[in-house]
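Chemist: whatever this is, show me its structure:
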Amino acid sequence: MPIVAAARRALVLGRDRAVEVLLEPRVRARLAAANAGAPERFDCVVYFADDPGSSYQVRQWLEPMAELARTHPVAVLVHRPTTAAALLPDSPLPVYLANGIGQVEDFINARGVRIVFYVNNNRDNFTVLRLAGQLHVHLSHGESDKISMASNQLKAYDYAFIAGAASRERILGHLRRMDPAKLLEIGRPQLDSPVRDVRPYHGDRSTVLYAPTWEGDRPAMAYGSAASHGRALVRALLADRRYRLIFRPHPRTGARVAAHAGAVREITALIEQAQKQDPEAGHYVDRRPVMAAAMAEADACICDISAVAMDWLPQAKPLLITRPVDPEAEIQAGGITTAVPLLDAADAGRAPGLLAALLARPIPPEQRALVEHHFGDTTPGAATRRFVETVEQILKAG
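Modeler: Numbering: from 1, shown residues only. Predicted structure coming up:
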């Protein structure tokens, strides 16, 4: 679309859509240049319909998909120009833009796509699911005890790739008439990715990662602790010279509830002020694209009921999980909190002492046992091999 025509069209659209329309010609030109040497056909496509604020969901699958692409070419197909622009600089896979079902269908048919992967349950996924010639596979974007991990929407896909036994139990325990054969356990391939950009720290403080999730889109998903716990526990940790703090809020924190956005701003200001007063302390706000480096740096973690908690488990280091304050946010019976202590909002200021006690004793066997239950074999490379082998199996089965 010519720039002038795009600008005219933008005048009658909302602000966000107008940005997309104005950006689209330039993004398409950049994509065409970047994809000049890409394969003509792709066995697999990762379809992603969300905005850049949710791009972490697809970004965490880029390295496992790059491994799959060694034998089965893979492309990323996004719905929005802003998302394409956000992913293009560091994607190891070709990125394409298809902002309507017609364009998606043309791409999939022209490129011989056999599998379409989805990393969430965006409603736009279900227009693509109407295509009958491909296999449709749900991947999710993390393993957690959040109630959303047992969505009835999983029935719409041909298969759901899940992390392990815990996910299978959760889904089959919550969903009626879910076909168990659709659930294929692959572990967590993201745990195989190399850890990059670790920041050296030579001080004598214990490093604590505080990584709250977002506030969720409804009360049942209100697991985020930034507004309820965050200020008090951050103030307490910054005031205690035993600790160095890394703060990494969820990218969507504050997207729906202003109090959470305000809490993140206040916590960020507290950390910046503390670092100015004592640069040797090493406190910082982590804004790197992926969390692996912060996890590698940390000696202990405070987080919410989220995928962060599960991904932390293989670290075999102390973990403290916040108790959600909304009574509708379900704490799964038999889940991670049976082996990991919960931190009430009223006790957030006591976090330094609770962490000291956890750091002083070995990781309990109950916490270590959760790793295999949630992820299966976590030997380096095992999950990635399972992922690739599982793709091979469903391709052969048709």
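Chemist: show me where the stretch 1-150 of the chain has its strands.
Modeler: Under the criterion DSSP state E, counting those that start in this stretch, the stretch 1-150 of the chain contains strands at 44-48, 74-78, 95-97, 115-118, 135-138.
Chemist: tabulate those in TSV, adding columns for mean pLDDT.
Modeler: Formatted as TSV, the strands of the stretch 1-150 of the chain follow (pLDDT from 0 to 100):
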stretch	mean pLDDT
strand 44-48	98
strand 74-78	98
strand 95-97	98
strand 115-118	98
strand 135-138	98
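Chemist: let's have those in a markdown table, adding mean neighbour count.
Modeler: Every C-beta, even on glycine, is put in place using the N, C-alpha and C of the backbone. Output for these, formatted as a markdown table (neighbours: other Cβ atoms under 10 Å):
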| stretch | mean neighbour count |
| --- | --- |
| strand 44-48 | 25 |
| strand 74-78 | 26 |
| strand 95-97 | 23 |
| strand 115-118 | 24 |
| strand 135-138 | 21 |
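Chemist: mind putting those strands into a markdown table with distance to Asp204?
Modeler: Shown next, in a markdown table, are the strands of the stretch 1-150 of the chain (distance: least, Cβ to Cβ, whole Å):
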| stretch | distance to Asp204 |
| --- | --- |
| strand 44-48 | 43 |
| strand 74-78 | 44 |
| strand 95-97 | 44 |
| strand 115-118 | 45 |
| strand 135-138 | 46 |
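Chemist: Leu129: which of these is closest?
Modeler: Among those, strand 135-138 comes nearest to Leu129, with 5.5 Å by Cβ to Cβ.
Chemist: could you list the low-pLDDT ranges of the chain?
Modeler: 1-15 (pLDDT under 70).
Chemist: show me how it divides into domains.
Modeler: Here the domain assignment for the chain is 3-194+380-397, 206-375, based on automatic domain parsing.
Chemist: and these: which comes nearest Pro200?
Modeler: Once the domains of the chain are compared by Cβ to Cβ, domain 206-375 is nearest, at 8.9 Å.
Chemist: so how far does the closest one reach from one end to the other?
Modeler: With Cα to Cα, to the nearest Å as the measure, the first residue of domain 206-375 is 27 Å from its last.
Chemist: picking up where we left off before, among the domains of the chain, which is the most enclosed?
Modeler: domain 206-375 (a mean of 19; mean count of other Cβ atoms under 10 Å).
Chemist: just how off-centre is that domain within its chain?
Modeler: Its chain's C-alpha centre and that of domain 206-375 lie 15 Å apart, by Cα atoms, centre = their mean, to the nearest Å.
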